[in-house]
Every structure is written in structure tokens, then in C-alpha cells.
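Chemist: Sequence plus predicted model, see below.
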Amino acid sequence: MSNLIEMKKVKKTYQLGETEVHALQGVNVKISKGEFISIVGPSGSGKSTLMHIIGCLDIPSEGAYHLQGEDVGEMNGDQLADIRKKFIGFVFQDFYLLSDVTAWYNVALPMIYNRVPPRTRKERAINLLEEVGLADRINHLPSQLSGGERQRVTIARALSNNPEIILADEPTGNLDSVTGEGVMQIFYKLHEEGKTVIIVTHEHYVADQAERKIRLKDGMIEDEG
């Protein structure tokens, strides 16, 4: 497998008033196309910062981050947004669904920004909802769905532009263990289909299902296996 993601000596420093926060302190990471990775660590370890950089929501203060051979650190805001639209599907703990539109319309939203024709958008959104087991919920509003169903909608939305990378931040954090296991089965299926799946989590049963676990502590990689 070729390296899809490569970070070399990545540091990230935030200025909070007069205080410097060293969120990442020289991180080296290689992730191959098609891997299933979990990123774990205690609060304040740098998990979220690493996720933001991997997802092109932020750039390193120092060091290099290459995504598919491109130097992300040299990109401007428009280029970063373009990378996110084309290559990365996000799944968040808090869902971030629009409350006043249906499940299929929530899934179709990212395709609007990629100028996919309306009929194609709706057909693909419905197909994706069927794939995650929500064929009978396509016209439901988020308020009419359970937590597990809402998370399945967010996974379908993350897949709408057929990204290479699925990046999930605490995707089971608001779910009970049985519902969370059902969501994890979807991620495992996506991995089997060739997607690169990266999950940031504090839950051991989630992290242990990945092929490889990256453990952070104090902004550095403590263990990788």
C-alpha cells in the first residue's frame, strides 16, 4: 500500500493570551491507503488537533503534512476547502444535521457544493441511506430519528462525494454500546470496501476494532501498533 498521509515532525502551537499551548510536539505519522486507524489518548493529548490537521481543517505550525503527495501546509484556505470537499468525509459526535430538512436532503447537501445535478443528488442520497440501513427513514426529519439513526445519516452524508478518507471524531460518543456497535459495523464495511477510515475515540471497544492504534500523550505519539 502507498502512503496516503505522511506527517514529518509536525508541531502545532496555539496562543491563548500570553500562554503558548503546544498541542502537537513533533508527530511523525504514515497512513496507507485503505487502512483502518484509531487515534486514542487522554484529554489534552492532542487527538483533536491531529484530527483537524489530518482533515485539513488546520495546518501545522512546523513540520510537513503531505496528503496524496501534496504539501497541505503550503495551501491557502480555498485549496484546503477543495481538498476537504473532494477527499475527506467527516463524521462528528454531535451529528450537525439541519433540523428542518429530511434525512435525504441532509445527505445531499455536500453534493450541492460540488454542483451535482438535483436528480442525481437525490438518487445518490437515497442509495446511501439504503446502504446504511435507513431505507424507511429517507423522508424523516432528524427530530424523528434515534441517535443511532442520526449517526447513520451523518455517515451517509460523509460518503456523498465518494471521499477517499472517512474521518470520524468520537462517532459513538453519544450512543449506547449496542447502537455504537452497529455504527462501527458500518465503518468496518467501508474499510472492507477500500475506504481509509480514521476514528478519533476515547472508547476502548471502538479503538480496539481498528487495524492499527495510534496513542497520543502530551502532544506526542506514545505508542503505535
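Modeler: Received the coordinates, thanks.
Chemist: Who are the packing partners of the helix or strand E123 falls within?
Modeler: Assigning secondary structure by DSSP states H and E places E123 in helix 118-131. Contact here means 3 or more C-beta pairs under 8 Å, 6 or more residues apart in numbering; DSSP states H and E; on that basis helix 118-131 packs against helix 103-113, helix 147-158. For glycine as for every other residue, the C-beta is placed from the backbone atoms N, C-alpha and C.
Chemist: if we go to 10 Å?
Modeler: Judged by 3 or more C-beta pairs under 10 Å, 6 or more residues apart in numbering; DSSP states H and E, helix 118-131 is in contact with helix 103-113, helix 147-158, helix 177-192.
Chemist: Now mean neighbour count too, for those, in JSON lines please.
Modeler: Written out in JSON lines, the entries for the helices and strands packed on helix 118-131 read as follows (neighbours: other C-beta atoms under 10 Å):
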{"stretch": "helix 103-113", "mean neighbour count": "20"}
{"stretch": "helix 147-158", "mean neighbour count": "23"}
{"stretch": "helix 177-192", "mean neighbour count": "16"}
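Chemist: quick one: which of those helices is nearest I54?
Modeler: helix 147-158 (14.3 Å; C-beta to C-beta).
Chemist: and the next helix or strand after that closest one, what other elements does it pack with?
Modeler: Downstream of helix 147-158, the next assigned helix or strand under DSSP H and E is strand 165-169. Contacting strand 165-169 under the criterion 3+ C-beta pairs under 10 Å, 6+ apart are the following elements: strand 36-40, helix 47-54, helix 77-87, strand 88-92, helix 147-158, helix 177-192, strand 196-200.
Chemist: Tell me the buried residues in whichever helix or strand comes after the last one?
Modeler: Proceeding C-terminally, strand 196-200 gives way to helix 204-207 as the next helix or strand, assigned by DSSP H and E. For helix 204-207, a neighbour-count test (16 or more other C-beta atoms under 10 Å) marks V206, A207 as buried.
Chemist: Just the CA coordinates for helix 204-207, please, in CSV.
Modeler: The C-alpha atoms that make up helix 204-207 are tabulated as CSV, following Å, rounded to 0.1, in the frame of the first residue of the first chain:
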residue,chain,number,x,y,z
HIS,A,204,-11.5,1.2,24.1
TYR,A,205,-14.1,-1.1,22.4
VAL,A,206,-14.1,1.3,19.4
ALA,A,207,-10.3,1.7,19.2
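Chemist: if we can go back for a sec, which residues are contacting the helix holding E123?
Modeler: For helix 118-131, the surrounding residues in contact (C-beta atoms under 10 Å, 6 or more residues apart in numbering) are 102-112, 114-117, 134-140, 149, 152-153, 155-162, 186, 189-190, 193.
Chemist: and if you look at stretch 212-220?
Modeler: Applying C-beta under 10 Å, 6+ apart, the contact partners of stretch 212-220 are 10-13, 21-29, 31-32, 35-42, 44-47, 49-50, 198-201, 204, 207, 221-225.
Chemist: for stretch 40-49, same thing?
Modeler: Contacts to stretch 40-49, defined as C-beta under 10 Å, 6+ apart, come from residues 10, 12-14, 21-25, 27, 39, 50, 53, 57-58, 60, 169-170, 199-204, 206-208, 210, 213-223.
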